[in-house]
Structures are given as structure tokens and as C-alpha cells.
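>>> Take this sequence and fold it.
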Amino acid sequence: MKERTRKLFDKARDALEVAEAILDMGKPEMAAGRAYYAMFYIAEALLYERGLEYSAHGKVIGAYGKEFAKTKELDPKYHKSLRSGFDLRISGDYEVDTNISNQLVVDMINQAREFLESAWGYLEKQQI
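Residues are numbered from 1 along each chain as shown. Model (predicted):
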């Protein structure tokens with residue numbers, strides 16, 4: 001596994017930890033952003049392992065879908081979570097009246113954790 005990939009996974013873990021702390025502060029809109037970024041870093045890491053680098057969120061999301069969801073190398077539900085996470089982050093960051101509940105963010109954090117575990121396991125199997 002490449003060093004940058006490991007660092008992106010570390011950032012994902014940190015983002016999840018921060019998302020939980022922000023949620024505990026009663027700020028689900030802000031916590032949603034951190035949970036999304038955890039998923040974004042995971043997708044970036046997976047793509048980086050294939051020599052693919054993108055800076056735009058849409059490009060990362062699209063490339064992840066093409067490389068991992070459509071091929072079913074990883075469960076397509078993670079691509080769906082990544083896309084919906086992006087929408088929630090945009091809503092939380094830019095809208096003043098959101099419907100982002102604590103439970104929605106808890107679910108998002110759980111999805112991100114599952115994505116992290118699945119992606120890490122996938123990459124470990126690739127190293128064998």
C-alpha cells in the first residue's frame with residue numbers, strides 16, 4: 001500500500017472522530033461535512049492506489065463509481081453513500097434551513113465506518 005494511501009485512510013479516521021465530536025456538540029450540519037470527507041478520503045485513497053488522482057469532488061465521486069461500484073469490486077452502496085454524503089455536506093455548509101438530523105448523521109458516520117473497513121480490507125487483500 002502506498003504511503004499517501006495510508007495517510008488518506010488516517011485522514012478518514014480523523015474525520016470520523018471529529019464528526020462524532022461535532023455531533024456531540026449538537027451541530028449535525030457541521031458533523032455531516034466531516035462524515036462526508038471521511039468517505040471522500042477513502043474514495044481518494046482507493047483511486048490513488050490505481051494511479052488515479054483528482055482534485056474535484058465530482059471527479060472523485062464519478063471515478064470511484066466507474067472503478068469500484070460499476071465493477072462491484074466494492075459494494076455499490078458505498079458509491080450511493082458517497083453521493084448522498086456530498087449532497088448533505090453541501091446542504092449543511094451552504095443552506096440555513098436544513099433537515100439534517102442527529103440520526104441522519106449517525107447513520108452517515110456508520111456508513112463511513114463500514115466503507116472504511118471494507119476499503120481497507122479490499123486493499124489488504126490486493127497486497128497478498
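
>>> contacting residues around the residue nearest the centre of the chain?
Central residue check for the chain by Cα atoms, centre = their mean: the C-alpha nearest the mean position is that of M39, 0.5 Å away. Contact partners of M39, counting by Cβ atoms under 8 Å, 6 or more residues apart in numbering, are A12, Y78, S81, L82, G85, Q111, A112, F115. Just so you know, the C-beta spots here come from the backbone N, C-alpha and C atoms, and that holds for glycine as well.

>>> and the gap between A15 and G33?
From A15 across to G33, the span is 9 Å (Cβ to Cβ, to the nearest Å).

>>> N110 now?
From N110 over to G33 (counting by Cβ to Cβ), the distance is 16 Å.

>>> Neighbour count: the two, which is higher?
Between N110 and G33, G33 has the larger neighbour count (other Cβ atoms under 10 Å), namely 22 against 13.

>>> count of neighbours near the closest residue to that one other than its chain neighbours?
Nearest-residue entry for G33: R89, 4.6 Å, with adjacent residues in sequence omitted and distances by Cβ to Cβ, 6 or more residues apart in numbering. Other residues within reach of R89 by the criterion other Cβ under 10 Å amount to 23.

>>> Give me the three-state assignment for R89.
Secondary structure assignment for R89 (DSSP: H, G, I helix; E, B strand; the rest coil): helix.

>>> okay, it: pLDDT?
In the prediction, the pLDDT value recorded for R89 is 95.

>>> List the residues that contact it.
For R89, the set of contacting residues under the criterion of Cβ under 8 Å, 6+ apart consists of A32, G33, Y36, Y37.

>>> Also Q126?
Contacts for Q126 (Cβ under 8 Å, 6+ apart) come out as E49.

>>> and for stretch 75-87, what are the contacting residues?
With contacts defined as Cβ under 8 Å, 6+ apart, stretch 75-87 is touched by 32, 35-36, 39-40, 43, 57, 61, 64-65, 68-70, 108, 111-112, 114-115, 118-119.

>>> Settle this for me: L104 is touching E29, isn't it.
No - counting by Cβ atoms under 8 Å, L104 stays clear of E29, with 10.2 Å between them.
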